[in-house]
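[1] 3D model of this:
(chains A and B)
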Number of protein chains: 2
Amino acid sequence: MTFKTDFKGRLDQYAGVVNEAMQQFLPKTDGLEHLVIEAMRYSIEAGGKRIRPVLVLEFCRVCGGDTEAALPFACAIEMVHTYSLIHDDLPCMDDDALRRGRPSCHVKFGEATALLAGDALLSLAFEAALCNNYRGRLRPGDVILAAHELAAASGAKGMVGGQQIDLEYEGKPVGLEVLEPMHRGKTGAMIRAAAKMGCIVAGAPQLLIDAGDAYAQKLGLAFQIRDDILDLTSTDEALGKPAGSDLVNHKSTYATLLGLEESGRMLGELTRQAEECLRPFGEEGHFLRELARYLAARAG
Amino acid sequence: MTFKTDFKGRLDQYAGVVNEAMQQFLPKTDGLEHLVIEAMRYSIEAGGKRIRPVLVLEFCRVCGGDTEAALPFACAIEMVHTYSLIHDDLPCMDDDALRRGRPSCHVKFGEATALLAGDALLSLAFEAALCNNYRGRLRPGDVILAAHELAAASGAKGMVGGQQIDLEYEGKPVGLEVLEPMHRGKTGAMIRAAAKMGCIVAGAPQLLIDAGDAYAQKLGLAFQIRDDILDLTSTDEALGKPAGSDLVNHKSTYATLLGLEESGRMLGELTRQAEECLRPFGEEGHFLRELARYLAARAG
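    Below is the predicted model:
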């Protein structure tokens, strides 16, 4: 692949190739089970920023890897992210009727099919990551390591663990001692996995994997704080969901706990630290530095 | 591992080593997310016949593989099976309050935590399959292939697809043209994956993988027919769930569609065919032949 040099151009390019590659992995709707596959497609095609796949591809690139061969991993992490949104929206979880401005998967397809669509997307993620499409272009040991990373990050000590903490403290005022492990799991784990998977499939040395991990750790927390700030300061239209819902629901967030000023300061500091972590990548880290600033300033 | 030579002895031995190995993979309940991990443990420890892990280990053995190194795959397939039971029991699916004579996961832990426990078990399955515990004792390419098999078998064109068909035709009278693809997905896909994974991690040639697959295909269908017969002829106690529920719910099954006599004949014929498929394994296929007869005659 050749890469656009301007930030927005490359961001869109990555999202484009990932969307196209995901179409290849999504099964055909030709059997009696077609509805669950339509539900999977509906949620995948709802869009989103594709930030996690961008991290996989760009970290692979900065480590000198084969970005095309990393595509199955970029797809895989977006499938896991999408499954988690479908299950999160279910009535027994957040009971959200809207997602990205459209009816949630269970509103459109019913609860049972949405549940199954989420389940099948998680399996599909591993089917993609472990596919044979790029045999010989990745080291098998790296494929195993990267897919293992995805499994660990999405499980009970990662994303699902964070969601469980969220459930546990729902509607209760909490402090940072709960907020931190919750977000480390809910959003942090998958963002870190994305960066690490990109480095791993590129066959990068541990030093670079660790640098990618450290960057993603800062980026993930900054991402969450920006989310919390936007909930207090943005509009329904810009967010594609009701703004101010954290206050209405008495939900403790970085923004409600620390105030807008202090959380803004923290966001700036984390973004600076994230950029700092990219030092080992030298000039090649340019896009990732810009990505950190872009996410910190985003409006929705 | 050394293996007991009597059938029941080896069956119990396999279940024992798998139960022990699963304990190693289950995460600790030491964090704020402990409840979801307790729910995972509760469902894994509810027991069951561990038939799928037995197939993984025995097929690995008959192919001359390293059965100890196949343990992560035996655990993985049981974790996938367990997650599917948890999600199947949820109110939006079968709404079953009892599983193996105990309260279902969601009755004990609440719907949201049960949903997450199922999700986390699916991720844990891949964490197990892709772990590093037996580095050097399996070929990396075989590990990838076996884990890919698990992903495909559990997804929309496998187990989840079968569940979707089940949903779709719930409460409607159906013929074999629906029953067959439904069971091919719901139970067949994972039983076939178990046999194939065992052969694959042993590094077996395609001829043996195909033979294992063919055996498992017959075994899976026979297993389902035995289930359907037992529903009509057994007791609540022997089944650990209400007997006769298929009739009460007007559910089409092999036994209700074909009648007890014809389904009994089919069960016998499939069992004979399954044994026939084991020819390439010669004398070593003894345990698997006995397994087919044992499952065809089981009381619960």
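[2] from here on, contacts and neighbour counts on C-alpha atoms
    OK.
[3] where do the strands sit along chain A?
    A:98-99, A:102-103 (DSSP state E).
[4] In JSON lines, list those along with distance to chain B, mean neighbour count and mean pLDDT.
    Formatted as JSON lines, the strands of chain A follow (distance: least, CA to the nearest CA, whole Å; neighbours: other CA atoms under 10 Å in any protein chain shown; pLDDT from 0 to 100):
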{"stretch": "strand A:98-99", "distance to chain B": "19", "mean neighbour count": "16", "mean pLDDT": "89"}
{"stretch": "strand A:102-103", "distance to chain B": "18", "mean neighbour count": "14", "mean pLDDT": "94"}
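[5] among the ones you listed, which is nearest residue A:264?
    strand A:98-99 (26.3 Å; CA to CA).
[6] At the contact with chain B, which residues of the stretch 151-300 of chain A appear?
    Counting by CA under 8 Å from any CA of the partner chain, the residues of the stretch 151-300 of chain A close to chain B are A:151-152, A:154-157, A:160-165, A:167, A:178, A:181.
[7] Filter those down to the buried ones and hand me the ChimeraX line.
    In ChimeraX, this line selects whichever of those come out buried by 16 or more other CA atoms under 10 Å in any protein chain shown:
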select /A:151,152,154,155,156,157,160,161,162,163,164,165,167,178,181
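[8] which two from the residues of the stretch 151-300 of chain A next to chain B end up farthest apart in space?
    A:151 and A:178 (23.6 Å).
[9] pretty sure residue A:253 contacts residue A:230?
    No. Under the criterion of CA atoms under 8 Å, residue A:253 makes no contact with residue A:230, lying 11.3 Å away.
[10] and the two? which has more neighbours close in?
    A count of neighbours by other CA atoms under 10 Å in any protein chain shown puts residue A:253 above the other of residue A:253 and residue A:230, at 23 against 20.
[11] Could you measure from that one over to residue A:229?
    9 Å (CA to CA, to the nearest Å).
[12] Equivalent analysis for residue A:173, please.
    For residue A:173, the distance to residue A:229 - CA to CA - is 18 Å.
[13] Which one's more surrounded, those two?
    residue A:229 (23 against 12).
[14] Low-confidence regions, chain A specifically.
    A:240 (pLDDT under 70).
[15] Which residue would you name as the spatial centre of it?
    residue A:52 (4.3 Å; CA atoms, centre = their mean).
[16] hang on, isn't that residue packed against residue A:194?
    Yes. When contacts are counted by CA under 8 Å, residue A:52 is listed as touching residue A:194 (5.5 Å).
[17] By proximity to chain B, which residue of the stretch 201-300 of chain A wins?
    Closest residue of the stretch 201-300 of chain A to chain B, CA to the nearest CA: residue A:201 (14.0 Å).
[18] I figured that residue was touching residue A:137, is that so?
    No. Between residue A:201 and residue A:137 there is no contact under CA under 8 Å: 9.7 Å.
[19] Looking at those two, which has the bigger crowd around it?
    A direct count of neighbours by other CA under 10 Å for residue A:201 and residue A:137 places residue A:201 higher, at 30 against 14.
[20] give me every residue that touches that one.
    A:60, A:65, A:70, A:138, A:139, A:142, A:143, A:146 (CA atoms under 8 Å, 6 or more residues apart in numbering or on different chains).
[21] In PyMOL, select just the buried ones from those residues.
    Those of the contacts of residue A:201 that count as buried under 16+ other CA under 10 Å are selected in PyMOL with:
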select buried, chain A and resi 60+65+70+138+142+143+146
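[22] Closest to chain B out of the contacts of residue A:201?
    Nearest member of the contacts of residue A:201 to chain B, counting by CA to the nearest CA, is residue A:143, at 7.8 Å.
[23] Relative to residue A:58, how far out is the closest residue to residue A:68 other than its chain neighbours?
    Closest residue in space to residue A:68, ignoring its immediate chain neighbours: residue A:1 at 6.6 Å, by CA to CA, 6 or more residues apart in numbering or on different chains. Residue A:1 sits at a distance of 12 Å from residue A:58 (criterion: CA to CA).
[24] shared neighbours of those two, which are they?
    residue A:67.
[25] These two: which has the busier surroundings?
    A count of neighbours by other CA under 10 Å puts residue A:58 above the other of residue A:1 and residue A:58, at 25 against 8.
[26] Could you pull up the residues touching the more buried one?
    A:67, A:198, A:288.
[27] now swap in residue A:106 and tell me
    So residue A:106 contacts A:86, A:89, A:90, A:97, A:112, A:113, A:114, A:115 (CA under 8 Å, 6+ apart).
[28] restrict the residues you listed to those near chain B?
    Okay, of the contacts of residue A:106 touching chain B (CA under 8 Å from any CA), that's A:112, A:113.
[29] With respect to chain B, which of the contacts of residue A:106 is nearest?
    residue A:112 (5.4 Å).
[30] who wins for proximity to residue A:205 among the strands of chain A?
    Here strand A:98-99 is closest among the strands of chain A (CA to CA), at 38.9 Å.
[31] Each with direction, which strands does that closest one pair with?
    strand A:102-103 (antiparallel) (DSSP bridges).
[32] which residues sit against the partner strand?
    Contacts for strand A:102-103 (CA under 8 Å, 6+ apart): A:46, A:97.
[33] Now for residue A:34, how many residues are close by?
    Using other CA under 10 Å: residue A:34 sits among 18 other residues.
[34] The residue nearest to it when sequence neighbours are not counted - how many residues pack around it?
    Leaving aside its chain neighbours, residue A:34 sits nearest to residue A:28 (7.7 Å; criterion: CA to CA, 6+ apart). Residues contacting residue A:28 under the criterion other CA under 10 Å number 15.
[35] Residue A:186 contacts residue A:167, correct?
    No. With contact defined as CA under 8 Å, residue A:186 does not reach residue A:167; the gap is 11.3 Å.
[36] For the contacts of residue A:106, could you give me a markdown table that also reports neighbour count?
    Listed next are the contacts of residue A:106 as a markdown table, based on neighbours: other CA atoms under 10 Å in any protein chain shown:
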| residue | neighbour count |
| --- | --- |
| A:86 | 27 |
| A:89 | 21 |
| A:90 | 23 |
| A:97 | 16 |
| A:112 | 21 |
| A:113 | 27 |
| A:114 | 26 |
| A:115 | 27 |
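[37] Filter the contacts of residue A:106 down to the ones in helices?
    Under the assignment DSSP state H, those contribute A:86, A:89, A:112, A:113, A:114, A:115 to helices.
[38] Where do the helices of the stretch 51-200 of chain A begin and end?
    A:51-62, A:71-89, A:105-109, A:111-129, A:140-154, A:159-168, A:176-183, A:189-201 (DSSP state H, counting those that start in this stretch).
[39] what are the C-alpha coordinates of the fifth one, in CSV please?
    As requested, the backbone C-alpha atoms of helix A:140-154 are provided in CSV (Å, rounded to 0.1, in the frame of the first residue of the first chain):
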residue,chain,number,x,y,z
PRO,A,140,3.1,-17.6,12.3
GLY,A,141,4.4,-16.9,15.8
ASP,A,142,3.5,-13.2,15.4
VAL,A,143,0.0,-14.1,14.2
ILE,A,144,-0.6,-16.2,17.3
LEU,A,145,0.8,-13.5,19.6
ALA,A,146,-1.3,-10.7,18.0
ALA,A,147,-4.5,-12.8,18.1
HIS,A,148,-3.8,-13.7,21.7
GLU,A,149,-3.4,-10.0,22.5
LEU,A,150,-6.9,-9.5,21.1
ALA,A,151,-8.4,-12.3,23.1
ALA,A,152,-6.9,-11.1,26.3
ALA,A,153,-7.8,-7.5,25.8
SER,A,154,-11.4,-8.3,25.0
